[in-house]
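>>> Got a sequence here, can you model it:
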Amino acid sequence: MNNRDKYLYHQIHPLKLFTDIAAGIVGLIPLWHHQVTLALLILFVPPIIVSLLLVRFADLEPYRTSKFGRYVASNMTPAAQGIRVLGMLVMTVGAWLHALWAIAVGFAIVAFGWLRGLWAVRRI
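This next block holds a predicted model:
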């Protein structure tokens, strides 16, 4: 498996999913209190470390051959990843501004980034 594939499939490893979700949720708390340094450490350091470790050491082949892996291969485009980042950005701004509605909208955008392939029109 090449590095491009490893980068793609590590995103669906349970440890990576857990780390990203936990860091995303916990990182919003210091943003709510305007503690930028702590928030940035929580939001970026654990996900980066886990990504590096998974890409370097994990056997990601089972994820590539899984149903979820096939979905990610066909739907996790750079645009979809950009949508996910945009959603997280909306959530962080929402936390900074104490706007729960913006956090909810950001979460919905992230979910759309993950799930948009379910609604994609398949062209032959």
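
>>> V110 contacts L89, correct?
No: using Cβ atoms under 8 Å, V110 makes no contact with L89, being 9.9 Å away. For every residue, glycine as well, the C-beta is placed using N, CA and C.

>>> More neighbours: which of those two?
V110 (22 against 13; other Cβ atoms under 10 Å).

>>> OK, contacts around the more buried one?
83-84, 87-88, 91 (Cβ atoms under 8 Å, 6 or more residues apart in numbering).

>>> What score does it have for pLDDT?
Predicted confidence (pLDDT) for V110: 97.

>>> what about it, distance to E61?
As judged by Cβ to Cβ, to the nearest Å, V110 and E61 stand 27 Å apart.

>>> For the longest helix along the chain, name the packing helices and strands.
Across the chain, the longest stretch assigned as helix under DSSP state H is helix 36-57. Helix 36-57 makes packing contacts with helix 3-10, helix 14-32 when contacts are defined by 3 or more Cβ pairs under 8 Å, 6 or more residues apart in numbering; DSSP states H and E.

>>> Tell me which residues of the longest one come out buried.
Of the residues in helix 14-32, those scored as buried under the neighbour-count criterion (16 or more other Cβ atoms under 10 Å) are 16, 19-20, 23-24, 27-28, 30-31.
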